[in-house]
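> Pasting the sequence and the predicted coordinates here, then a few questions.
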Amino acid sequence: MSATWNKTTCPYCGIGCGLMVGVEAGAIIDIAGMKGHPVNNGDICALASNIPLMFSAEGRLTRPMIRRGNKLETTTWDDAITNVSSKFKNIINNYGPGAIAFYGGASNLTEDYYLINKLFKGFIGTNNVECSTRLCMSSTAAGFLSTIGADAPPTCYDDIEQADLFYIAGNNMAVSTPIIFHRVRDAKENNGAKIIVVDPRRTETAQIADIHLQIKPGTDVALNNALAHVLFRDGFVKKDGVEIYASGLCDINQFLLKYPPSAAAVITGCPEEKIVEAAHAIGHARAMLTFWFQGYNHSTQAVFKNNTLHNLSILTGNLCRPGAGPLSITGEANTLGNRWVGALSHLLPGMRQIANAAHRKETADYWGIPVENIQPTPGRSIIDIIQGLHSGDIRALWVCNTNPAASLPNTKWIEEGLSKAEILVVQDIFHPTETTMLADVILPAAQWSEKTGTFISSERRIELVEKFIEPPGEAKADYEIIWLIARAMGYEKEFPYTTSEEVFEEFKGLTSGRICDMAGITYERLRGKIGIQLPCPAIEHPGTPRLFTDMRFPRADGRAALLPREYIEPAETISPEYPIILITGRLSAHFNTRTRTGRVNRLNNLAPDNFVEINPEDAKDYNISGGEIIEITSLRGSVRGHALLTDKIIKGTIFIPSHYGKALTADEDKQVNLVTNQAYDIHSKQPEFKYSAVKITKLLWT
Ligand SMILES: Nc1nc2c(c(=O)[nH]1)N[C@H]1C(S)=C(S)[C@@H](COP(=O)(O)OP(=O)(O)OC[C@H]3O[C@@H](n4cnc5c(=O)[nH]c(N)nc54)[C@H](O)[C@@H]3O)O[C@H]1N2
Ligand SMILES: Nc1nc2c(c(=O)[nH]1)N[C@H]1C(S)=C(S)[C@@H](COP(=O)(O)OP(=O)(O)OC[C@H]3O[C@@H](n4cnc5c(=O)[nH]c(N)nc54)[C@H](O)[C@@H]3O)O[C@H]1N2
Ligand code: SF4
Ligand SMILES: [Mo]
């Protein structure tokens, strides 16, 4: 027998590479990049190429489980659904709808979140619907909203080949999105494009940079302001032209006087000449494309980092023309789809806002409910949901496709909060994970290729990911589990679906006329084919590669906003007791909390254990040698790892990967989030994973 090959889209990062899946005898046996796909043209990274091994990994959930006493025991679907729905109803009756919350992952399908939004925001009457997008892209979304008036990424990957300058800040794309890195590297080799990288570490990405600005963590706003200062000072801003499409030019010119490169050099630790050199490269660029990622978003000034970056594009006219503009890469496979279907507690489907009365009315009318059913104020962010579990204001939490006990900051505080829930429902594909270990009810989910639905990639491309194989045992698609629970809660006629396609067809009506318009999309149009870039308002419409090409933006005056943003210090700063800055981030071999990649030996062997990147000068101060295990402690807890001595990281800063937890090892102390800080950016409520004040302890004195 030979394999049949099926077209799909990668389930890992938000690039949306086209993949071909080889299926034989009901199993995935092979995988390849799809040749001719506009994103990756056959290219593939280590995560995707190991997918077949992940399908044969141990630990798949096949039956629902329920906690009786201290033990999780298998049970029937009927029992599990009845248990969950009756407990939810009791809690709502006793404490009100605001006592329950949903927290899902950014690779949930758009269809999953449409159903959850309808159930929670429309029928139960609480806006407590959150997504791991809160940890990932909520600051990018808030940055776009304030600068251009909508969470609408304007550029596309084809801009990479048209650009002559890349400004890559807080983004280690060589590791996190290798396919984009390959395209950027090739654009440098083939077209002579220049690269500026801003990162406290000399990362794999920084190694191909023409200019590496190795700043102290958390200082990007000061850097971006100084770059803008030099652009004005040295005559690179064509004021008459800029004023046509941007507001706030005079104010920002005045404001930036406070940020000469000499001042930014002190704050960032980056030499003044290098800042000026980078500003001149930006000023001279014909087409600059900016990339930024978690070095920006994982910060208490994340939205300001986004705004000051966009200022650079606006001031130099690098906006909304081929090769120019902000190219916002998303973290997980559906991080943009989730934002557009309204998976955060301040959003409604179709790029609508809870706080907007007209948006609530449009949504309520569509769902055939009184507008009062939709609460007029946003629900809680995930950190505030955990706070609510601690205080008793939240009593029930339903987790689906995310692993908060591993991925949220300040693990002990998170675990205590999750343990206080009267009912913690966890819907996952594997057990144990750090979160399933705490669950009262575990619901076994079908994974990618075992169910059908849509993802939307970073460049607004909607793709169909189809079912090719059966889920193991009794596992069900997330959307099916959601509609079963909705029906058991009494909403039979509102949730009559039998397929995800019916859900998509209903949702798409809420996108008509919006920037995320999907009116021209059907499953049939996507099946087996390359996805389409949104908006796509009609069935014969080819899709939209770039937005706002007429330089009109969806703000009241039609112009983009130049925003003066002050540099402020991180929530926690170093002190004599905690003198070192900790940053965290990714490795090529693992994905997020490692529940999938940690079960694949070939990937585990590449990155088997936790480590601490430390500058040799710091290591000398603490008498630490390479390989020895050291302990890192903050006000919140401690984590251990092998010391990895490298001058790629600046003195005074250490780096620990974000992947290791305790579910797959016997070690309780390898999880970096035991140490990280839950403080968040007040504008986006995104936590500061990339700055904690810590101390280093040598464990073995020789
Ligand atoms: N292999 C792999 N790929 C992935 C993932 C994975 O887990 N593994 N996860 C996916 C997801 S969900 C996401 S969100 C993306 C994230 O992708 P990235 O954001 O590229 O990855 P990170 O390593 O979290 O952070 C990027 C860089 O920010 C730097 N940094 C830290 N603090 C600062 C700062 O203050 N300023 C600046 N300028 N830089 C700073 C770090 O040194 C790091 O090199 O990756 C996606 N792709
Ligand atoms: N210190 C530190 N912490 C971080 C970060 C950091 O850089 N540093 N990065 C943050 C970022 S950007 C992100 S996006 C988050 C990610 O944090 P999480 O969302 O917690 O990470 P994942 O490991 O992707 O979790 C996905 C879960 O869903 C399960 N799963 C996979 N497929 C399916 C499915 O089809 N259905 C269901 N129901 N379950 C499924 C997996 O087994 C896994 O348990 O972590 C954040 N945490
Ligand atoms: S770059 Fe991202 S989308 Fe592409 S193959 Fe790798 S993980 Fe998948
Ligand atoms: Mo992410």
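Received, thanks. Ligands and ions are numbered 1, 2, ... in the order given.
> going forward, measure contacts between C-alpha atoms and count neighbours the same way
Will do.
> Please list all residues in contact with the residue in the stretch 501-650 of the chain that ligand 3 sits nearest to.
Among the residues of the stretch 501-650 of the chain, F591 lies closest to ligand 3, at 8.6 Å counting by C-alpha to the nearest ligand atom. Going by C-alpha atoms under 8 Å, 6 or more residues apart in numbering, F591 touches 12, 47, 597, 659.
> Looks like the first one contacts A333 (just checking).
Right, the one you point to is Y12. Yes: contact criterion C-alpha atoms under 8 Å: Y12 and A333 qualify, at 5.5 Å.
> residue ranges for the helices of the stretch 201-350 of the chain, please.
220-233, 239-245, 249-255, 261-268, 272-284, 294-297, 302-315, 335-341 (DSSP state H, counting those that start in this stretch).
> so what does the first one touch, helix or strand wise?
Spelled out, it's helix 220-233. helix 261-268, helix 272-284, helix 302-315 (3 or more C-alpha pairs under 8 Å, 6 or more residues apart in numbering; DSSP states H and E).
> gap between the most centrally placed residue in the chain and P404?
Here the mean C-alpha position of the chain is nearest to the C-alpha of C136 (C-alpha atoms, centre = their mean), at a distance of 2.8 Å. According to C-alpha to C-alpha, to the nearest Å, C136 and P404 sit 13 Å apart.
> try G22
Taking C-alpha to C-alpha, one finds G22 at 32 Å from P404.
> Comparing these two, which residue is more hemmed in?
P404 (24 against 19; other C-alpha atoms under 10 Å).
> ok, the more buried one - contacts?
414, 434-435.
> Over to V184?
Taking C-alpha under 8 Å, 6+ apart as the test, what V184 contacts is 160-161.
> can I get the CA coordinates of the host helix or strand of it in PDB?
Following DSSP states H and E, one finds V184 within helix 178-191. Once non-C-alpha atoms are left out, helix 178-191 reads as follows in PDB (Å, rounded to 0.1, in the frame of the first residue of the first chain):
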ATOM      1  CA  PRO A 178      12.700  29.400  10.400                       C
ATOM      2  CA  ILE A 179      10.800  29.600   7.100                       C
ATOM      3  CA  ILE A 180      10.500  33.400   7.400                       C
ATOM      4  CA  PHE A 181      14.200  33.600   8.500                       C
ATOM      5  CA  HIS A 182      15.200  31.700   5.300                       C
ATOM      6  CA  ARG A 183      13.300  34.200   3.200                       C
ATOM      7  CA  VAL A 184      14.900  37.100   5.000                       C
ATOM      8  CA  ARG A 185      18.400  35.500   4.700                       C
ATOM      9  CA  ASP A 186      17.800  34.900   1.000                       C
ATOM     10  CA  ALA A 187      16.700  38.500   0.500                       C
ATOM     11  CA  LYS A 188      20.000  39.600   2.000                       C
ATOM     12  CA  GLU A 189      22.000  37.300  -0.200                       C
ATOM     13  CA  ASN A 190      20.100  37.800  -3.400                       C
ATOM     14  CA  ASN A 191      19.000  41.500  -3.200                       C
END
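> ok, and does it reach over to ligand 3?
Yes: part of helix 178-191 sits near ligand 3 under the criterion C-alpha under 6 Å from any ligand atom, namely 178-179.
> can you list the domains in this protein?
Using automatic domain parsing, the domain parsing of the chain gives 4-54, 65-136+333-456+470-497, 138-329, 580-698.
> Using TSV, lay out the ones you listed together with mean pLDDT and distance to L510.
Below are these laid out as TSV (pLDDT from 0 to 100; distance: least, C-alpha to C-alpha, whole Å):
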stretch	mean pLDDT	distance to L510
domain 4-54	98	23
domain 65-136+333-456+470-497	98	6
domain 138-329	98	16
domain 580-698	97	24
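> Would you convert those domains into TSV that also reports distance to ligand 1?
Listed next are those as TSV, based on distance: least, C-alpha to the nearest ligand atom, whole Å:
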stretch	distance to ligand 1
domain 4-54	5
domain 65-136+333-456+470-497	5
domain 138-329	3
domain 580-698	3
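> and these as JSON lines, adding distance to ligand 4?
Listed next are these as JSON lines, based on distance: least, C-alpha to the ion, whole Å:
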{"stretch": "domain 4-54", "distance to ligand 4": "8"}
{"stretch": "domain 65-136+333-456+470-497", "distance to ligand 4": "4"}
{"stretch": "domain 138-329", "distance to ligand 4": "8"}
{"stretch": "domain 580-698", "distance to ligand 4": "8"}
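> Could you dump these into JSON lines and include distance to E572?
Shown next, in JSON lines, are the domains of the chain (distance: least, C-alpha to C-alpha, whole Å):
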{"stretch": "domain 4-54", "distance to E572": "30"}
{"stretch": "domain 65-136+333-456+470-497", "distance to E572": "14"}
{"stretch": "domain 138-329", "distance to E572": "10"}
{"stretch": "domain 580-698", "distance to E572": "6"}
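> among those, which is nearest L562?
Among those, the nearest to L562 by C-alpha to C-alpha is domain 138-329 (5.2 Å).
> So what would you say the end-to-end distance of that closest one is?
For domain 138-329, the end-to-end distance is 12 Å (C-alpha to C-alpha).
> ok, and the closest non-adjacent residue to W483?
Take W483 and drop its neighbours on the chain: the residue closest to it by C-alpha to C-alpha, 6 or more residues apart in numbering is F495, 5.9 Å away.
> which ones are touching that neighbour?
The contact partners of F495, taken as C-alpha under 8 Å, 6+ apart, are 483, 486-487.
> Tell me the spacing between it and ligand 3.
Look at F495 and ligand 3: by C-alpha to the nearest ligand atom, to the nearest Å, they are 32 Å apart.
> did I read that right, that residue in a helix?
No: under DSSP: H, G, I helix; E, B strand; the rest coil, F495 sits outside any helix and is assigned coil.
> Can you pull the phi/psi pair for it?
phi -130, psi 60 (degrees, to the nearest 10).
> Just grab the bridge partners of T4 for me.
V23 (DSSP bridges).
> So it sits against A27, correct?
No: using C-alpha under 8 Å, T4 is not in contact with A27; the gap is 10.5 Å.
> what about E24, distance to I469?
Using C-alpha to C-alpha, E24 is found at 9 Å from I469.
> who's more crowded, those two?
Neighbour count, other C-alpha under 10 Å: between E24 and I469, I469 has more, with 18 against 15.
> And Y12 and A333? Which one has more around it.
A333 (27 against 20).
> Kindly list the longest helix within the protein.
Longest helix in the chain by number of residues (criterion: DSSP state H): helix 77-95.
> list the helices and strands it packs on?
So helix 77-95, by 3+ C-alpha pairs under 8 Å, 6+ apart, packs with strand 100-104, strand 423-428, strand 441-444, helix 478-488.
> Pull the distance from the third one to the chain's centre.
Yep, that's strand 441-444 we're talking about. 24 Å (C-alpha atoms, centre = their mean, to the nearest Å).
> next SSE after that strand?
Once the chain leaves strand 441-444, the next helix or strand it forms, by DSSP H and E, is strand 453-456.
> which residues sit against that next one?
16, 107, 109-111, 333-337, 462-466, 500-501.
> E434 should be in a strand, yeah?
No: checked against three-state DSSP, E434 lies outside a strand; its state is coil.
> do you know how far it is from D428?
11 Å.
> neighbour count winner among those two?
More crowded of E434 and D428, by other C-alpha under 10 Å: D428, with 26 against 20.
> Enumerate the beta-bridge partners assigned to the more buried one.
Where D428 sits in a bridge, its partners, by DSSP bridges, are P444.
> Report the contact partners of it.
Contacts of D428 (C-alpha under 8 Å, 6+ apart): 61, 400-402, 436, 442-445.
> one more time with 7 Å
The neighbourhood of D428, defined by C-alpha atoms under 7 Å, 6 or more residues apart in numbering, consists of 400-401, 443-445.
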